[in-house]
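Trainee: My questions are about this predicted structure, shown below with the sequence.
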Protein chains: 2
Amino acid sequence: MKTTKRSTVKRVPKRGHYDQKTLYNVLDQNHICHVGIIHNDHPVVIPTLYGRFEDSLYLHGATVSRLMSELEKEIELSISIAKTKGLVLARSAFHHSLNYESVVIFGKGKLISEGPQKISALKSISDHIIPGRWEEVRQPTTKELKATKVISIPLDEASTKIRTGGPVDDKADYDLEIWAGEVPIIEHYGTPIADPKLSSKIQYLPNSVKKLLNS
Amino acid sequence: MKTTKRSTVKRVPKRGHYDQKTLYNVLDQNHICHVGIIHNDHPVVIPTLYGRFEDSLYLHGATVSRLMSELEKEIELSISIAKTKGLVLARSAFHHSLNYESVVIFGKGKLISEGPQKISALKSISDHIIPGRWEEVRQPTTKELKATKVISIPLDEASTKIRTGGPVDDKADYDLEIWAGEVPIIEHYGTPIADPKLSSKIQYLPNSVKKLLNS
């Protein structure tokens, strides 16, 4: 992974990471990325679902989507992904913070052409969200594949930024009688809600969902 | 709120909302926004904490921050915010989806000048993250205020996009013996972790945290 000027964390540099393991770990825990492009000379940022497989990020969308049509021109893009992991409460207003994990990516997308590589890329997105689901469902038809565009983005110019732990207060403030600490934010899967139209023959959750709930 | 071409939801227009109540509701449930600008002719998207008060979004950062220095030039920006609320599992790979709430904002930021309005804006950010906390803590010093820039962004060109509910499958697929439904994603606050350096005189959680945990 190359570290360029624009992909180097400027504020609080010690929170910056440039290794693949840290990057992939944050990417694999999230579903939505925020894709920034220049459109009609203006910045536009659009949230969209993504998947990761090896060293590529995959986006998909309707063939008629404005974002997909722009990305397939291989224009410059920037992608941001972040998750809040906790509130950090300090003794001073100034030192309050968030614990978070974030990624910023720079690069250009590339349209994946029709054929087995497109199906693999779509499977990567599916596997990213819920491993094993792809094998359980009705596969895409030719018509469905034509209605979808898939863009791959190389993960070679990216940085991860992570804050963990409690507050860091000014020395004098530790004597104040003010509570300080961290309030974690926890995300979990809830009880699955079966489609009301589900056939009564289907009494059990699929393996993909069972594994997700146990992960 | 004005609805411009760029702030109109193009894909699945029925999921688009343009009223303040829906917009504020999504904004008030999130902490991190993704700010896109054009920098050196390239798109750059940076995640950062925000607050909302009335019809303005507030961002803050170190006076030396690159993002703040750009935003105070009142350049065009686009902001994206999104939360995944659930996985939507259909009978076909094609109809899988996410339930989500997202916001896209366009506009220009404005630097808030020194004085009471800057303190109010910082309080708005604090209140957005954890109401009542501002009154419990040591207030900013003149030096701390000088080290921080605050940018306000009018919420007058924005759209909210929301997907809820279960999968929508093709008619023929309802006969397949494949489980379909929704797996909710739930976020909650965990047990507060007191700063190890907390004075032993402080035995109770502050009111702001108690209220947050009960909200």
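Mentor: The structure has been received and is ready for your questions.

Trainee: Now do the strand or helix carrying A:Ser208: everything it contacts.
Mentor: Assigned by DSSP states H and E, A:Ser208 belongs to helix A:207-214. With contact meaning Cβ atoms under 8 Å, 6 or more residues apart in numbering or on different chains, helix A:207-214 is reached by A:130-133, A:136, A:189, A:192, A:205, B:87, B:89, B:179, B:183. Glycine gets a C-beta too; all of them are placed from N, C-alpha and C.

Trainee: do the top strand by length along chain A and chain B meet?
Mentor: Longest strand in chain A by number of residues (criterion: DSSP state E): strand A:76-89. Yes - Strand A:76-89 is in contact with chain B by Cβ under 8 Å from any Cβ of the partner chain, via A:76-84, A:86-87, A:89.

Trainee: which of those sit farthest apart?
Mentor: Greatest spatial distance among the residues of strand A:76-89 next to chain B (Cβ to Cβ): A:Glu76 and A:Leu89, at 39.0 Å.

Trainee: lowest-pLDDT helix or strand in chain A?
Mentor: Sorted by mean pLDDT, DSSP states H and E, the helices and strands of chain A end with strand A:16-17, the least confident at a mean of 88.

Trainee: Go through whichever helix or strand comes after the longest strand of chain A and flag the buried ones.
Mentor: Sequence-wise, the next helix or strand downstream of strand A:76-89 (DSSP H and E) is strand A:97-108. Residues of strand A:97-108 classed as buried by neighbour count (16 or more other Cβ atoms under 10 Å in any protein chain shown): A:97-107.

Trainee: What of stretch A:116-130?
Mentor: So for stretch A:116-130, counting by 16+ other Cβ under 10 Å, buried means A:118-119, A:121-130.

Trainee: which ones among those are found in helices?
Mentor: A:118-119, A:121-129 (DSSP state H).

Trainee: What is the nearest of the residues you listed to B:Tyr174?
Mentor: A:Ser126 (20.4 Å).

Trainee: coming back round to it: also near chain B: which of the buried residues of stretch A:116-130, exactly?
Mentor: A:122, A:126, A:129-130.

Trainee: Greatest separation within those residues: which pair is it?
Mentor: A:Leu122 and A:Ile130 (13.4 Å).

Trainee: mind listing the strands in chain A by residue range?
Mentor: Secondary structure of chain A (DSSP E): strands at A:16-17, A:32-39, A:42-53, A:56-62, A:76-89, A:97-108, A:110-111, A:148-154, A:158-163, A:181-189, A:193-194.

Trainee: So what touches the second one?
Mentor: When contacts are defined by Cβ under 8 Å, 6+ apart, strand A:32-39 is touched by residues A:43-50, A:57, A:59, A:66-67, A:70-71, A:75-81, B:6, B:34, B:36, B:38, B:41-45, B:47, B:78, B:80, B:82-84, B:98, B:100, B:102.

Trainee: That strand to strand A:76-89, inter-axis angle?
Mentor: 140 degrees (axes from the mean of the first three to the mean of the last three Cα atoms, to 10 degrees).

Trainee: now the third one
Mentor: Counting by the same axes, to 10 degrees, strand A:42-53 lies at 80 degrees to strand A:76-89.

Trainee: how about strand A:42-53 against chain B, any contact?
Mentor: Yes - under the criterion of Cβ under 8 Å from any Cβ, chain B is reached by strand A:42-53 at A:42-47, A:49.

Trainee: any idea of the mean pLDDT in that strand?
Mentor: When pLDDT is averaged along strand A:42-53, the result is 97.

Trainee: Can you list the low-confidence ranges for chain A?
Mentor: Within chain A, no range satisfies pLDDT under 70.

Trainee: Most distant residue from the centre of it?
Mentor: A:Asp175 (40.6 Å; Cα atoms, centre = their mean).

Trainee: Please report the distance of that one from B:Ile202.
Mentor: Distance of A:Asp175 to B:Ile202, given as Cβ to Cβ, to the nearest Å: 12 Å.

Trainee: neighbours of A:Arg52, just the number please.
Mentor: By other Cβ atoms under 10 Å in any protein chain shown, the residues close to A:Arg52 number 20.

Trainee: what's the closest non-adjacent residue to it?
Mentor: Of all residues beyond its chain neighbours, the one nearest A:Arg52 is A:Leu27 (4.8 Å), with distances taken as Cβ to Cβ, 6 or more residues apart in numbering or on different chains.

Trainee: pretty sure the one you found is touching A:Ser102, no?
Mentor: No - with contact defined as Cβ atoms under 8 Å, A:Leu27 does not count as touching A:Ser102 (10.8 Å).

Trainee: which residues are common contacts for the two?
Mentor: Counting by Cβ under 8 Å, 6+ apart, the contacts common to A:Leu27 and A:Ser102 are A:Ile81.

Trainee: for the helix holding A:Ser208, the distance to its chain's centre please.
Mentor: 20 Å (Cα atoms, centre = their mean, to the nearest Å).

Trainee: likewise stretch A:115-123?
Mentor: On the basis of Cα atoms, centre = their mean, stretch A:115-123 sits 20 Å off its chain's mean C-alpha point.

Trainee: How about stretch A:131-141?
Mentor: So, by Cα atoms, centre = their mean, the centroid of stretch A:131-141 is 21 Å from its chain's centroid.

Trainee: and it, is it in reach of chain B?
Mentor: Yes - applying Cβ under 8 Å from any Cβ, one finds stretch A:131-141 touching chain B at A:133-134, A:136-141.
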